[in-house]
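> Sequence and computational prediction follow.
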Number of protein chains: 2
Amino acid sequence: MKATVFLEPGKMAIKEMPKPELNQENEAIIRVVRASVCGSDLWWYRGISKKEPGSAAGHEAIGIVEEVAEGVTNVQPGDFVIVPFTHGCGECEACLAGFDGDCLSDTSGSTGYQAEYIRYRNANWGLVKIPGKPEDYSDDMLNSFVTLADVMATGYHAAVSAEVKEGDTVVVIGDGAVGLCGVIGAKLLGASKIIAMSRHEDRQQLALTFGATDIIAARGEEAIAEVMKLTGAGADAVLECVGTQQAVETAVKVGRPGAVVGRVGVPHVDELDTNALFYRNIGLRGGIAAVTTHDRASLLEAVLSNKIEPGKVFTQQFELDQVQAAYEAMDERKAIKSLLVM
Amino acid sequence: MKATVFLEPGKMAIKEMPKPELNQENEAIIRVVRASVCGSDLWWYRGISKKEPGSAAGHEAIGIVEEVAEGVTNVQPGDFVIVPFTHGCGECEACLAGFDGDCLSDTSGSTGYQAEYIRYRNANWGLVKIPGKPEDYSDDMLNSFVTLADVMATGYHAAVSAEVKEGDTVVVIGDGAVGLCGVIGAKLLGASKIIAMSRHEDRQQLALTFGATDIIAARGEEAIAEVMKLTGAGADAVLECVGTQQAVETAVKVGRPGAVVGRVGVPHVDELDTNALFYRNIGLRGGIAAVTTHDRASLLEAVLSNKIEPGKVFTQQFELDQVQAAYEAMDERKAIKSLLVM
């Protein structure tokens, strides 16, 4: 089969690899229908974080179950499924508490998703069944399904972690695909005012399409002042979808007393004055998204009923053979997010 | 009138002072019935934090309203009231959101509570009316009312901030009066297993009386291991009622993935690895208690109905003239908390 491998920073390739086989119980082999490139893939694509040269890539996909191992009864060959980047077992304390992104079982054994086939671990509970077959759906809806493997569930996790409620004023920091999905998540939870921080016009437009009511293009202290002008004493909830020191520092300053910052940006924070949070009762929550939990609880239904259209984050589409171009488009900010169609 | 003043670390005194007068709108003059010494008073009593020599002391009391200024309509002379350490205006964004401990209005103008009379700012909304007169109640219940000015509301704030729910397993760090009230708060919110960290036998006993189901006497890594033995993957919620570096570090490690640490210990934390919180979805919330909000929402009713008896934290009682002894008893850990009866 064809699979994407990482050669060195800035260089991806398609290689012919053996089709993955079942190795142990609770696995499934899935034929990929669509996959995508994640903003977090850019960390190692850009050489900022490390990745083994020659290793497989990708962790967002939808596909058809081809084969299942012992212990897998919830899905069967022929099922159309979302393949989450997480691997919840559904039985440990973390999964039972609704945090399957922190599953405490052995979650190793999956292969890269930017490929023709995937081996997926903890298939019995982790995979999310989509009714019917790919042919039953429009391209737009298929694209939205792909976002339920990570980016939409992650944006929604930011909103859930920030405890967004009906009628809230919400600030969303970050205008990448995750931040844009955070806007969708905030709206889905009932926010009535959504302030998106963005300085790129295409992303501002998409934020407005997704439900943002206000755009702030400034950063740092200037951005904080603008939020205060729009909100009075600060937002009821803050979604931090970047992870840098500046983004987290801004996030904890734009909430009103008692606000919670929900963060999903993989954090690169050296120092945060947590004493200062105390004096304004600012909360800090969030982490790795609970993909299967969120998809089953609300996101899949919201996509199926056309309530949300997160697939719009895919502004460019590629065939698997064009994977290098798919990465380049995101790296050069020509695409908000790159789709791979098999 | 007689009032407590701070002379220097380790030395308190009663001085004859002019009875406070109304200075501005929204104030009340209150004749103190009972007051108390707070664990936070020990910070400056011990010389660890600074306090102006000759300045008045105390921020926990109950009393009778004697006089009210313009703008005060919710209470009137003769009313029996809890005098919170906080001064919520009831109208700003913080108060409206339920965080009156972070009131955004001008809250200055109150005098020290360890005195025969208090001038209290933001009297219209901030004071909490108790039905009837002091003579209608037992000593035990009067003592419980005193705790609603701070310590019980603060312990409860830890439990609310930690988002304790029915059936939760909860760890309470700190066996001072606040931690013990945290145990009461966790039980009030429905926790079914409450693990109190304490190494003093009298406090362990009181924790058990208040609803603790397990006691851990160890600290640091050993304590974390004991929590894991009792809970499997960690507690559903953690109450941090100390504020030291070690206490906060322990708190963020004893929760299961997705647990929230509710902290009310005035923080003295140099550095906290907030990136590590992310990878386990550990939340950090809390701050200055919302005293008026919590008292009105549930605590006063819980005391009146004998559902909770936080007054038991007062293990020693003094007259106002004995204020030095009241401080010494707490400083030397002979009293869990010292009561002052006028």
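Arrived safely.
> what ranges do the helices span in chain A?
A:41-45, A:93-96, A:123-126, A:139-147, A:151-161, A:177-188, A:201-210, A:220-231, A:245-251, A:274-279, A:291-294, A:300-304, A:323-331 (DSSP state H).
> Dump these into JSON lines; add mean pLDDT as well.
Below are the helices of chain A laid out as JSON lines (pLDDT from 0 to 100):
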{"stretch": "helix A:41-45", "mean pLDDT": "95"}
{"stretch": "helix A:93-96", "mean pLDDT": "98"}
{"stretch": "helix A:123-126", "mean pLDDT": "98"}
{"stretch": "helix A:139-147", "mean pLDDT": "98"}
{"stretch": "helix A:151-161", "mean pLDDT": "98"}
{"stretch": "helix A:177-188", "mean pLDDT": "98"}
{"stretch": "helix A:201-210", "mean pLDDT": "97"}
{"stretch": "helix A:220-231", "mean pLDDT": "96"}
{"stretch": "helix A:245-251", "mean pLDDT": "92"}
{"stretch": "helix A:274-279", "mean pLDDT": "90"}
{"stretch": "helix A:291-294", "mean pLDDT": "98"}
{"stretch": "helix A:300-304", "mean pLDDT": "98"}
{"stretch": "helix A:323-331", "mean pLDDT": "98"}
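> Out of these, flag the one nearest chain B.
Nearest to chain B, of all the helices of chain A, is helix A:93-96, at 3.7 Å by CB to the nearest CB. In short, each C-beta sits where N, CA and C put it, glycine included.
> So what touches the closest one?
Around helix A:93-96, the neighbours that count as contacts under CB atoms under 8 Å, 6 or more residues apart in numbering or on different chains are A:88-90, A:100, A:102-104, A:125, A:293, B:232-234, B:256-258.
> now do stretch A:108-116
With CB under 8 Å, 6+ apart as the test, stretch A:108-116 has contacts from A:1-5, A:17, A:19-20, A:23-24, A:27, A:31-32, A:35, A:37, A:55-61, A:83, A:85, A:87, A:117-121, A:149, A:320, A:323, A:340, A:342.
> ok, A:Glu166 to A:Gly190 distance?
Distance from A:Glu166 to A:Gly190, counting by CB to CB, to the nearest Å: 3 Å.
> neighbour-wise, which of these two wins?
More crowded of A:Glu166 and A:Gly190, by other CB atoms under 10 Å in any protein chain shown: A:Gly190, with 13 against 8.
> my guess is A:Glu28 contacts A:Ile64, does it?
Residue A:28: Ala, not Glu. No. With contact defined as CB atoms under 8 Å, A:Ala28 and A:Ile64 do not form a contacting pair (10.3 Å).
> more crowded one of those two?
A:Ala28 (28 against 16).
> May I have the residues that are in contact with the more buried one?
A:22, A:65-69, A:72, A:75, A:119-120, A:123, A:127.
> now do A:Glu25
Here A:Glu25 is in contact with A:69-72 (criterion: CB under 8 Å, 6+ apart).
> Most neighbours of all those, which one?
Most surrounded of the contacts of A:Glu25: other CB under 10 Å gives A:Val72, at 21 neighbours.
> From A:Cys89, how far off is it?
12 Å.
> Now do A:Gly182 against A:Trp43, distance only.
19 Å.
> what's the neighbour count on the residue lying closest to A:Ala235 once chain neighbours are set aside?
Distance criterion CB to CB, 6 or more residues apart in numbering or on different chains; nearest residue to A:Ala235, sequence neighbours excluded, is A:Val171 at 4.3 Å. As a burial measure, A:Val171 scores 32 neighbours (other CB under 10 Å).
> mind listing what A:Val171 touches?
Counted by CB under 8 Å, 6+ apart, A:Val171 has contacts A:195, A:197, A:227, A:235, A:237-239, A:251, A:254-255.
> A:Glu16 against A:Lys2, yeah?
Yes. Counting by CB under 8 Å, A:Glu16 touches A:Lys2, with 6.5 Å between them.
> Please say which of these two ends up with more neighbours.
Between A:Glu16 and A:Lys2, A:Lys2 has the larger neighbour count (other CB under 10 Å), namely 16 against 7.
> so who does that one touch?
Counting by CB under 8 Å, 6+ apart, A:Lys2 has contacts A:14-17, A:115-116, A:320-321.
> Buried among those residues? Need that as a selection in ChimeraX.
To isolate the buried members of these in ChimeraX, using 16 or more other CB atoms under 10 Å in any protein chain shown:
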select /A:14,17,115,116,320
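> hang on, A:Asp270 packs against A:Thr244?
No. The pair A:Asp270 / A:Thr244 is not scored as a contact, 10.3 Å apart, by CB under 8 Å.
> how close does the nearest residue to A:Asp295 once chain neighbours are set aside get to chain B?
Once flanking residues are discounted, A:Asp295 sits nearest to A:Val128: 4.5 Å by CB to CB, 6+ apart. Separation of A:Val128 from chain B (CB to the nearest CB, to the nearest Å): 20 Å.
> quick revisit: just the buried residues of the contacts of A:Val171.
A:195, A:197, A:227, A:235, A:237-239, A:251, A:254-255.
> bridging residues for the residue nearest to A:Ala235?
A:Ile195, A:Val238 (DSSP bridges).
> Select, out of the helices of chain A, the one closest to B:Ser161.
With CB to CB as the criterion, B:Ser161 lies closest to helix A:274-279 of those, at 10.3 Å.
> With only the CA atoms kept, save the closest one in CSV.
What follows is helix A:274-279, C-alpha atoms only, in CSV (Å, rounded to 0.1, in the frame of the first residue of the first chain):
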residue,chain,number,x,y,z
THR,A,274,-0.4,30.8,38.8
ASN,A,275,-0.6,33.0,41.9
ALA,A,276,-2.1,35.8,39.8
LEU,A,277,-4.8,33.4,38.6
PHE,A,278,-5.8,33.0,42.2
TYR,A,279,-6.6,36.6,42.9
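> Tell me which residue of chain A is furthest from the middle?
For chain A, the residue at maximal distance from the C-alpha centroid (CA atoms, centre = their mean) is A:Tyr279, at 32.0 Å.
> That one contacts B:Ile288, doesn't it?
Yes. Taking contacts as CB under 8 Å, A:Tyr279 lies within contact range of B:Ile288: 6.9 Å.
> which residues do the two both contact?
B:Asp102.
> what comes into contact with the lowest-mean-pLDDT helix or strand in chain A?
Ranking every helix and strand in chain A by mean pLDDT, DSSP states H and E puts helix A:274-279 at the bottom, with a mean of 90. Helix A:274-279 has contacts (CB under 8 Å, 6+ apart) with A:252, A:282-284, B:102, B:248, B:263, B:266-269, B:272, B:274, B:284, B:286-288.
> re earlier: can you list the contacts of A:Lys2 in a markdown table and add pLDDT?
Output for these, formatted as a markdown table (pLDDT from 0 to 100):
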| residue | pLDDT |
| --- | --- |
| A:Ile14 | 98 |
| A:Lys15 | 98 |
| A:Glu16 | 97 |
| A:Met17 | 96 |
| A:Ala115 | 98 |
| A:Glu116 | 98 |
| A:Leu320 | 98 |
| A:Asp321 | 98 |
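> distance of the closest residue to A:Gly98 other than its chain neighbours from A:Val261?
Counting by CB to CB, 6+ apart, A:Thr293 is the residue found nearest to A:Gly98 once chain neighbours are left out, at 5.0 Å. Using CB to CB, A:Thr293 is found at 21 Å from A:Val261.
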